[in-house]
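In: Fold the following for me, if possible:
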Amino acid sequence: MVESYFREVDSGVIEAAESMGATTWEIIIKVLLPESKPALIAGATVTTISLISYTAMAGAIGAGGLGNLAYLDGFQSNNNTVTLVATVIICLFVFLVQYIGDFLVKVTDKRTL
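Out: Residues are numbered from 1 along each chain as shown. Prediction:
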């Protein structure tokens, strides 16, 4: 994913840095990383949300956590309140991560003010 975000950087910007005598590491640190920072943050946000969903699914098969609580104590025990509360908490985690990620993308993206 990181490589594809680096490829989205305009080649003219990289060419300008090369013409000014920047080394490969300077291009990476001073051009590619700052230019692709919003995309990198968005990718990290999606990855974090995927990890939350995977841990919830792993909990359903015995790994523990909120997924285990929702499945064993809620669904298997036919206790809809526990299932609903655990599901809402997992959704709130996802909403919080998405909000923080969107905020950071908005702050770091120089194209949209």
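In: Roughly how far does Cys91 sit from Lys106?
Out: Here Cys91 is placed at a distance of 22 Å from Lys106 (Cβ to Cβ, to the nearest Å). In this view, the C-beta of every residue, glycine as well, is placed from N, C-alpha and C.
In: Find the centremost residue of this protein, please.
Out: With the centre of the chain defined as its mean C-alpha position, the nearest residue by Cα atoms, centre = their mean is Thr45, 1.3 Å away.
In: That one touches Asp102, doesn't it?
Out: Yes - if you go by Cβ atoms under 8 Å, Thr45 and Asp102 touch, sitting 7.4 Å apart.
In: what ranges do the helices span in this structure?
Out: With DSSP state H as the definition, the chain shows helices at residue ranges 2-7, 11-19, 24-27, 33-58, 65-68, 80-108.
In: Can you redo the ones you listed as JSON lines, where the extra columns are mean pLDDT?
Out: JSON lines is the format used below for the helices of the chain (pLDDT from 0 to 100):
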{"stretch": "helix 2-7", "mean pLDDT": "88"}
{"stretch": "helix 11-19", "mean pLDDT": "94"}
{"stretch": "helix 24-27", "mean pLDDT": "94"}
{"stretch": "helix 33-58", "mean pLDDT": "93"}
{"stretch": "helix 65-68", "mean pLDDT": "85"}
{"stretch": "helix 80-108", "mean pLDDT": "94"}
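In: Can you say which of those is nearest to Gly74?
Out: Closest of the helices of the chain to Gly74 is helix 80-108, at 3.2 Å (criterion: Cβ to Cβ).
In: Can you tell me the closest non-neighbouring residue to Gly101?
Out: Thr45 (2.8 Å; Cβ to Cβ, 6 or more residues apart in numbering).
In: And that neighbour, how far from Met57?
Out: Taken as Cβ to Cβ, the span from Thr45 to Met57 is 19 Å.
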